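*Asks:* Pasting the sequence and the predicted model now:
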Amino acid sequence: MSTVVIHWPNGCRSTAASGSDWLQAAQAAGFSIPTGCLGGSCGACEIDVNGQTVRACIATVPASRSGELRVELSVDPSW
């Protein structure tokens, strides 16, 4: 597993091992990702990672060629 630098929406940076859980990586960085069902069906935890939308409750931190990832909260008008 490689380590990546994660840039969070609040301006903080942290590191996490690729393959680690997104919710745990966010918690370790002091960043809160909203959750709902924790099973991937509701979409409350959607984040954009380098432009790709993922559901943080069921996805893992990917490896990155640059060694860095940028995270943004997805905006869903139905929430």
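*Replies:* That came in fine, so what should we check first? Nothing here was measured: the structure is a model prediction, and the numbers come from that model.
*Asks:* Quick check: chain neighbours aside, which residue is closest to residue 29?
*Replies:* The shortest distance from residue 29 to any non-neighbouring residue, by Cβ to Cβ, 6 or more residues apart in numbering, is to residue 14 (3.7 Å). All C-beta spots, glycine's among them, are computed from the backbone N, C-alpha and C.
*Asks:* ok, what's across the strand from the one you found?
*Replies:* Counting by DSSP bridges, residue 14 is bridged to residue 6.
*Asks:* Quick one: neighbours of it, just the number.
*Replies:* Neighbour count of residue 14, defined by other Cβ atoms under 10 Å: 15.
*Asks:* my guess is residue 62 contacts residue 68, does it?
*Replies:* No: checked against Cβ atoms under 8 Å, the pair residue 62 and residue 68 is beyond contact range at 11.5 Å.
*Asks:* Contact partners for the residue nearest the centre of the chain?
*Replies:* For the chain, the residue nearest the mean C-alpha position is residue 22 (4.7 Å; Cα atoms, centre = their mean). By Cβ atoms under 8 Å, 6 or more residues apart in numbering, residue 22 lies in contact with 33, 45, 47, 54, 56-57, 59-61.
*Asks:* Repeat the analysis, applying 7 Å as the threshold.
*Replies:* The contact partners of residue 22, by Cβ atoms under 7 Å, 6 or more residues apart in numbering, come to 33, 56, 59-61.
*Asks:* Point out where the chain drops to low pLDDT.
*Replies:* Applying pLDDT under 70 to the chain flags the ranges 75-79.
*Asks:* residue ranges for the helices of it, please.
*Replies:* 22-28 (DSSP state H).
*Asks:* where exactly do the strands run in it?
*Replies:* 3-7, 13-17, 46-49, 52-55, 68-73 (DSSP state E).
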